[in-house]
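A.B. asks: Here is a sequence with its predicted model. Questions after.
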Amino acid sequence: MYQTKKTYIKPEMKMSGLFFENPYLLLMMEHFNLDFMVYNKTVEKVCIENSINTNIFIDIANLYNGFNELDAAKYSRSDISTIINFLKSSHDYYKDEKYPEIQQLIKKISSVNETKEIKLIGKFFDEYFNEVLEHLDYEDKVAFPYFMDMLNDNVDANGKKDYSAKVYSDHHTDIESKLMELKNLLLRHIPIEKDRSMRRKLIISLFELDYDLNIHYAIEESALIPLIVKTEKAPVK
Amino acid sequence: MTECNIYIAVIEHSHIIYEGLTNILLKSDHHFHIYRFNGIQELTDFKDKEKLHVVMINPSYVVSNKKNFNAVKKSLPNTYWVGILYSYFDKNTIELFDDTVEITENPEKIKETICRVSTDDCICREANKTEELSSREKDVLIELINGLSNKEIADKLFISTHTVASHRKKITRKTGIKSLSGLTIYAITQKIISIE
């Protein structure tokens, strides 16, 4: 539970006004595969034009503004694919943009600092990055296809055995705790003398990643998984 | 530091005061669960009331209702009662509480009061005390990095596995690091071990 001074988003608000207040909503638009040039449109209009359930869109936008209002009861089976597409494009952002960006920054810092600590941080990060890739891969290749098959009523008896909600949530805890360790090491324990601006960029980048990952997990655990469970219990004939 | 959970009830009619208090508390390092009640009766009806570490209450709820208040207080021996003061109350009323906060106080002091009266084993309190590892914790850390299991460490240092586990927890609380690779980096930086 945390509080923010940001606006609580409602359907009739102007989308662009919200961007001025919280530019990270641009990232959310990207995850929804939407362009952020929405001119004068309200939140609701953006949703209707793009056939996205307004409830989901607003709940996710509010997560970005610090309010967790996710409630699977408000969404339906037909929203599962919207959610999965959102999560998939966040995966691309982590894999292709954010993690490589962090990796590059560590390399650059390493190249001007000949200390063993920063080399170890580099190694720590690479190992961590591999774990993350493994998890994302698991979701992209096992969990999400299973969910989509289920939606299309294509699940055979063996389909389920690879997927488990517990595995899901264990992975998350792990990814989160390593990120926390990195922040602790860099902010509290390891002295790095040179290139202050590069270090600042690195730490801010870690926080940005953490921010988006937290939202990502919240969506998976409080929206996607409950929806899946609901759908599993009551398959549509 | 997510392990500590402090349950707080706030009994206060002013919405502004309630919002302000929760805002201050939620900004601290603790993980607070805050409930709001409209009067002592609602608190009595609350099924998880034994869980509450702290009840913050406006004394005006108590003044006309002292008997009832004392009964509830007695039924919850592990709960601390903190009066929320923003007007004058006589000494006899004030003495009914374990502690008080004045709303004109600065947020830090209010946080401090709540932390002080919350449970003793709260992790956040420990984290505030010191970040430096004790020499025993360093011993355990070194053996951990050497790849020993809790049992092996216990045998080597002549302590119980329970104590080893408790040292490990404290190491993680103090450093914010849990994984072995992270702890190794920490130990090298702090010159607890060397890799030459």
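C.D. replies: The structure has been received and is ready for your questions.

A.B. asks: Format the CA atom coordinates belonging to stretch B:67-83 as CSV.
C.D. replies: The C-alpha coordinates for stretch B:67-83 follow below in CSV (Å, rounded to 0.1, in the frame of the first residue of the first chain):
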residue,chain,number,x,y,z
LYS,B,67,-16.1,2.7,31.6
ASN,B,68,-16.6,1.1,28.2
PHE,B,69,-13.1,2.3,27.1
ASN,B,70,-11.4,0.7,30.2
ALA,B,71,-13.2,-2.6,29.5
VAL,B,72,-12.1,-2.7,25.9
LYS,B,73,-8.6,-1.7,26.9
LYS,B,74,-8.5,-4.5,29.5
SER,B,75,-9.7,-7.0,27.0
LEU,B,76,-6.8,-6.2,24.6
PRO,B,77,-3.7,-6.4,26.9
ASN,B,78,-1.2,-6.4,24.1
THR,B,79,-2.5,-3.3,22.3
TYR,B,80,-1.1,0.1,22.9
TRP,B,81,-3.5,3.0,23.1
VAL,B,82,-2.4,6.4,21.8
GLY,B,83,-4.5,9.5,22.2
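
A.B. asks: centre of the chain versus that stretch, how much separation?
C.D. replies: For stretch B:67-83, the separation from the chain centroid amounts to 19 Å (computed by C-alpha atoms, centre = their mean, to the nearest Å).

A.B. asks: average pLDDT across that stretch?
C.D. replies: Here the mean pLDDT over stretch B:67-83 is 87, rounded to a whole number.

A.B. asks: swap in stretch A:219-234?
C.D. replies: The pLDDT scores in stretch A:219-234 average 84.

A.B. asks: so what's the residue of chain A found nearest chain B closest to, chain neighbours aside?
C.D. replies: Nearest to chain B in chain A, going by C-beta to the nearest C-beta, is A:Asn184, at a distance of 3.4 Å. (Each C-beta comes from the backbone N, C-alpha and C, glycine too.) Distance criterion C-beta to C-beta, 6 or more residues apart in numbering or on different chains; nearest residue to A:Asn184, sequence neighbours excluded, is B:Gly176 at 3.4 Å.

A.B. asks: Tell me who's in contact with the one you found.
C.D. replies: With contact taken as C-beta atoms under 8 Å, 6 or more residues apart in numbering or on different chains, B:Gly176 is in contact with A:Met180, A:Glu181, A:Lys183, A:Asn184, A:Arg188, B:Met1.

A.B. asks: cool, A:Ile203 as well?
C.D. replies: For A:Ile203, the set of contacting residues under the criterion of C-beta under 8 Å, 6+ apart consists of A:Lys183, A:Leu186, A:Leu187.

A.B. asks: give me the number of residues near residue 93?
C.D. replies: Assuming you mean chain A. Residue crowding around A:Tyr93 was assessed by other C-beta atoms under 10 Å in any protein chain shown; the count is 17.

A.B. asks: think we crossed wires, I meant chain B
C.D. replies: For B:Thr93, the neighbour count with other C-beta under 10 Å is 17.

A.B. asks: give me the element it is part of.
C.D. replies: Element membership of B:Thr93, judged by DSSP states H and E, is helix B:91-94.

A.B. asks: How about that helix, which residues are buried there?
C.D. replies: Neighbour-count burial for helix B:91-94 flags B:Thr93 (criterion: 16 or more other C-beta atoms under 10 Å in any protein chain shown).

A.B. asks: which residues touch it?
C.D. replies: Contacts of helix B:91-94 from elsewhere in the structure, counted by C-beta under 8 Å, 6+ apart, are B:Pro59, B:Val62, B:Val63, B:Gly83, B:Leu85, B:Thr100.

A.B. asks: Among the contacts of A:Ile203, filter down to the buried ones and hand me the PyMOL syntax, if you would.
C.D. replies: The PyMOL selection below is limited to those of those classed as buried (16+ other C-beta under 10 Å):
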select buried, chain A and resi 186
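
A.B. asks: Now render the contacts of A:Ile203 as CSV, adding secondary structure and distance to A:Asn113.
C.D. replies: Listed next are those as CSV, based on DSSP: H, G, I helix; E, B strand; the rest coil; distance: C-beta to C-beta, whole Å:
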residue, secondary structure, distance to A:Asn113
A:Lys183, helix, 18
A:Leu186, helix, 12
A:Leu187, helix, 16
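
A.B. asks: TSV for the contacts of A:Ile203, including pLDDT?
C.D. replies: What follows is the contacts of A:Ile203, written out as TSV (pLDDT from 0 to 100):
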residue	pLDDT
A:Lys183	92
A:Leu186	91
A:Leu187	90
